[in-house]
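Trainee: Fold the stuff below for me.
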Amino acid sequence: MKKLIILAAAGASLSLAACNSAQDKREDAAEEQAEAVVDQGEATADAMEERADNLDKTVDGVDSTAEQRMEDKADAVREKADATAQNIENKAENAPQ
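Mentor: Numbering: from 1, shown residues only. From the prediction side, this is the model:
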């Protein structure tokens with residue numbers, strides 16, 4: 001009888017471990033996807049800022065209106081990428097096991 005209880009407990013533990021492992025894998029995959037989203041957002045924003053710098057060739061410490069608009073758009077791209085990444089991670093963490 002004791003062996004049966006021990007075997008049942010061991011089986012339940014393995015089953016729970018497998019669920020945790022699958023959840024961990026989903027969370028890891030979501031984290032990698034989120035990092036890719038952020039990386040892409042950063043690359044896009046960096047390119048936008050480089051274009052913005054080319055809009056104002058004067059090095060006077062004052063941004064032209066066009067340059068400032070482009071930099072604001074780059075900031076918005078970064079913010080959207082960060083929000084999207086956070087949403088991906090939250091969904092993975094809150095997914096039913």
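Trainee: Could you tell me how many residues sit around A45?
Mentor: 20 (other Cβ atoms under 10 Å). All C-beta atoms are positioned from the backbone trio N, CA, C, and that covers glycine.
Trainee: Next: E93.
Mentor: E93 has 12 neighbouring residues, counting by other Cβ under 10 Å.
Trainee: Let me know the pLDDT of it.
Mentor: Predicted confidence (pLDDT) for E93: 85.
Trainee: ok, it - contacts?
Mentor: Counting by Cβ atoms under 8 Å, 6 or more residues apart in numbering, E93 touches 27, 30.
Trainee: got the buried residues for the host helix or strand of it?
Mentor: Using DSSP states H and E, E93 sits within helix 65-94. Buried residues in helix 65-94, counted by 16 or more other Cβ atoms under 10 Å: 67, 70-71, 73-74, 77-78, 81, 84-85, 88-89, 92.
Trainee: Distance to E35 for the residues you listed - can I get that in CSV?
Mentor: Below are those laid out as CSV (distance: Cβ to Cβ, whole Å):
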residue, distance to E35
E67, 29
M70, 26
E71, 24
K73, 23
A74, 19
V77, 16
R78, 14
A81, 10
T84, 12
A85, 7
I88, 10
E89, 10
A92, 13
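Trainee: and the two most separated of the residues you listed?
Mentor: Spatially, the most separated pair among those is E67 and A92, at 38.1 Å (Cβ to Cβ).
Trainee: From what I see, E31 and E89 are in contact.
Mentor: Yes - contact status for E31 versus E89: in contact at 6.1 Å, counting by Cβ atoms under 8 Å.
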